[in-house]
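Participant: Quick one: sequence and predicted model below, then my questions.
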Amino acid sequence: MAGYYNEQDLQRLPEFGKESPELMHRFMEYYNECLQDNSLSRREKVLIGLGVSHVIQCPYCIDTFTRYCHDAGVTPKEMTEAVHVGAAVTAGATISHSLQMLQILDETNQESETDAASQDGSSPTATVSTEADPLTAAAPVAANG
């Protein structure tokens, strides 16, 4: 095999459609219709497509949408900004998932406070979950190492 993501492979896309020609036809109609001028211009749509292509890390899409952008008169600076917007959205999604981490830490801290209160005889301020840890429940721990 020569390698992944060869530009000439894009020309083989019709081969994929031979097994399900109706589905491929419908997909291509949908794909092409999505890129037509409407509320957004084709220029705006291909610029969005370029940013999304980078976020989903699809070399074929990056190739295709870079060419679409070039043909639509999008400047390299505008293309670069679109990629940065995609990167910023991806980073924002990563950072916003830290809220899950904070929630787990809150729960863990409440459990630790409850355990400490139980050991010193004071009344607990929260109840300890009796549910098994889903990550360790299936793996028994040996008693002697």
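Facilitator: In hand now; what should we look at? All values reported here derive from a predicted model rather than from experimental measurement.
Participant: in this structure, which spans are helices?
Facilitator: 13-17, 21-34, 42-55, 59-71, 76-96, 98-119 (DSSP state H).
Participant: Which one of these lies nearest to residue 7?
Facilitator: helix 59-71 (6.1 Å; Cβ to Cβ). Every C-beta, even on glycine, is put in place using the N, C-alpha and C of the backbone.
Participant: Mind putting the helices of the chain into JSON lines with mean neighbour count and mean pLDDT?
Facilitator: Shown next, in JSON lines, are the helices of the chain (neighbours: other Cβ atoms under 10 Å; pLDDT from 0 to 100):
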{"stretch": "helix 13-17", "mean neighbour count": "11", "mean pLDDT": "90"}
{"stretch": "helix 21-34", "mean neighbour count": "11", "mean pLDDT": "96"}
{"stretch": "helix 42-55", "mean neighbour count": "19", "mean pLDDT": "98"}
{"stretch": "helix 59-71", "mean neighbour count": "16", "mean pLDDT": "96"}
{"stretch": "helix 76-96", "mean neighbour count": "13", "mean pLDDT": "97"}
{"stretch": "helix 98-119", "mean neighbour count": "11", "mean pLDDT": "88"}
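Participant: Give me the phi and psi angles of the spatially most central residue of the chain.
Facilitator: Against the mean C-alpha coordinate of the chain, by Cα atoms, centre = their mean, the closest residue is residue 56 at 6.6 Å. Dihedral pair for residue 56: phi -80, psi 0, per degrees, to the nearest 10.
Participant: what sits against it?
Facilitator: For residue 56, the contact set (Cβ atoms under 8 Å, 6 or more residues apart in numbering) is empty.
Participant: what's the neighbour count on residue 36?
Facilitator: As a burial measure, residue 36 scores 10 neighbours (other Cβ atoms under 10 Å).
Participant: Next, give phi and psi for residue 39.
Facilitator: According to degrees, to the nearest 10, residue 39 has phi -60, psi -30.
Participant: okay, it: pLDDT?
Facilitator: Looking at residue 39, its pLDDT reads 98.
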